[in-house]
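A.B. asks: sequence unknown, structure follows:
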Ligand SMILES: NC(=O)c1ccc[n+]([C@@H]2O[C@H](COP(=O)([O-])OP(=O)(O)OC[C@H]3O[C@@H](n4cnc5c(N)ncnc54)[C@H](O)[C@@H]3O)[C@@H](O)[C@H]2O)c1
Ligand SMILES: O=P(O)(O)OC[C@@H](O)[C@@H](O)[C@H](O)[C@H](O)CO
């Protein structure tokens, strides 16, 4: 039987280090679609690479042990070559389309996906599931809306019947590849832990295209999983990065070892945790273990994860439903005080990195409107409100860390 295929947009860290390998383990040939011609050329020359699992167990660290997994059955196309994209979508062996390009890039790949779906319809292609693996709530629904704008009504009707659009929660820390040598540009280093949870009800389950894949969990309660991950792992990660930046640390593991930073991060995760337990009915004890496990993941020294990667795009991270304000607003619903979460929000306003356009934009807002005004605009907590005042006070306190 000919091999089933997957198209994955974004041959970056999470694409090569997590989603691609799980698709391959599940028997798919993975066609990576990216704008990076160097990576695409390498994929089409080597058709294989290695994932280095940078275990953070004590012995492994001492002995610099690492496990490796070989990933074969991969190739690449450029998203700028529309004919190649359409040809892949027309291939009846393609059953799943995944993405890991970053939330702001979804609108850029939407026209290519729309053209691909038009081609698939015109060649009477079968059922397809699309899963966007981006760190945001409703990422695949967002992609569906963006793609639908490029479809005529008959194509839309076909897509409603033939395409499943499933949101998900995707979790594995994958920093940019480092130290594998110039002759291994596709290799990537990852942590051992992973979790990929997909909204079961949104999938089109049909014949060969049936899911889950190896390593994928299906759920009917995706909101609980995505909130737990985004408001714990990503929340703590972002606060560690912003506070780490203020103290001049380069990596997340260095920052989380600092007692002052750890106290704030732990406090923030406890505040967020009380809200998550109330909202989703998690068991308090199990959630505390989840927090402990999360902090241990940040400590992994082998990942060497740069605070600038984790802190990237602060305005996105300060979005109303995202990792910082999401738990703040959730806690507010239950009257839970959130001083450490608001310290984390304040730290984001101090993140001043010239080659990050969102950091530059945020600093400009602070310059033009003052801290309180900028906080009001971004967080929707009005000047004079308790939350706004707490963020401004924390901002002034944390500013001294930078000066020190
Ligand atoms: N790295 C992680 O630890 C991790 C974990 C979970 C989720 N995520 C999420 O996965 C997504 C990707 O993150 P990453 O760390 O892999 O980033 P990355 O920068 O390593 O990878 C993104 C890839 O998308 C490609 N790309 C950019 N524009 C494109 C376009 N127009 N068409 C096709 N490809 C394009 C880039 O060339 C790059 O290869 C983000 O949404 C992130 O939040 C990352
Ligand atoms: O990818 P971002 O910018 O949304 O967030 C940065 C990190 O927190 C993130 O990539 C984590 O490493 C990942 O979410 C772990 O599953």
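C.D. replies: Structure received. Worth saying up front: this structure is predicted, and the values here are computed from it rather than measured. Ligands and ions are numbered 1, 2, ... in the order given.
A.B. asks: all strands of the stretch 151-300 of the chain, in order?
C.D. replies: 163-165, 168-171, 188-190, 195-199, 216-219 (DSSP state E, counting those that start in this stretch).
A.B. asks: may I see the ones you listed arranged in CSV, with mean neighbour count, mean pLDDT and distance to residue 246 as well?
C.D. replies: Any C-beta I mention is one placed from the backbone N, CA and C, and that applies to glycine too. Output for those, formatted as CSV (neighbours: other Cβ atoms under 10 Å; pLDDT from 0 to 100; distance: least, Cβ to Cβ, whole Å):
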stretch, mean neighbour count, mean pLDDT, distance to residue 246
strand 163-165, 22, 97, 40
strand 168-171, 25, 98, 26
strand 188-190, 25, 96, 27
strand 195-199, 21, 98, 30
strand 216-219, 16, 98, 37
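A.B. asks: residue 374 is nearest to which of those?
C.D. replies: For those, proximity to residue 374 was assessed by Cβ to Cβ; strand 168-171 is nearest, at 30.6 Å.
A.B. asks: which residues touch that closest one?
C.D. replies: 14, 18-19, 100, 131-135, 139-140, 193-199, 222, 225-226, 228-230, 233 (Cβ atoms under 8 Å, 6 or more residues apart in numbering).
A.B. asks: and what of stretch 178-192?
C.D. replies: Stretch 178-192 is touched from outside by 13, 16-18, 38-39, 42-43, 46, 48-56, 66-67, 172-175, 177, 297, 300, 302-304, with contacts defined as Cβ under 8 Å, 6+ apart.
A.B. asks: and the protein, which residues reach ligand 1?
C.D. replies: With Cβ under 6 Å from any ligand atom as the criterion, the chain meets ligand 1 at residues 9-15, 33-36, 79, 100-103, 105, 108-109, 133-135, 170, 172-174.
A.B. asks: ok, and the helix or strand in the protein with the lowest average confidence?
C.D. replies: helix 58-63 (a mean of 50; mean pLDDT, DSSP states H and E).
A.B. asks: so after it, what's the next helix or strand?
C.D. replies: The helix or strand immediately downstream of helix 58-63 is strand 67-71, counting by DSSP states H and E.
A.B. asks: name every strand pairing with that following strand and say which way it goes.
C.D. replies: Sheet pairing of strand 67-71 (DSSP bridges) gives strand 49-53 (antiparallel).
A.B. asks: what comes up buried for the strand it pairs with?
C.D. replies: Under the neighbour-count criterion of 16 or more other Cβ atoms under 10 Å, strand 49-53 has 49-53 buried.
A.B. asks: neighbours of residue 93, how many?
C.D. replies: As a burial measure, residue 93 scores 16 neighbours (other Cβ atoms under 10 Å).
A.B. asks: give me the below-cutoff pLDDT ranges for the stretch 1-150 of the chain.
C.D. replies: Residue ranges of the stretch 1-150 of the chain with pLDDT under 70: 1-2, 56-65.
A.B. asks: enumerate the residues of it near ligand 2.
C.D. replies: Counting by Cβ under 6 Å from any ligand atom, the residues of the stretch 1-150 of the chain close to ligand 2 are residue 135.
A.B. asks: now do the strands in the stretch 1-150 of the chain.
C.D. replies: 5-9, 29-34, 49-53, 67-71, 74-78, 94-99, 128-132.
A.B. asks: between the ones you listed, which one is closest to residue 393.
C.D. replies: From the strands of the stretch 1-150 of the chain, taking Cβ to Cβ, the stretch that ends up closest is strand 128-132, at 38.1 Å.
A.B. asks: out of the residues of the chain next to ligand 1, which are buried?
C.D. replies: 9-15, 33-36, 79, 100-103, 105, 109, 133-135, 170, 172-174.
A.B. asks: out of the strands of the stretch 151-300 of the chain, flag the one nearest ligand 2.
C.D. replies: Comparing these against ligand 2 with Cβ to the nearest ligand atom, the closest turns out to be strand 168-171 (3.9 Å).
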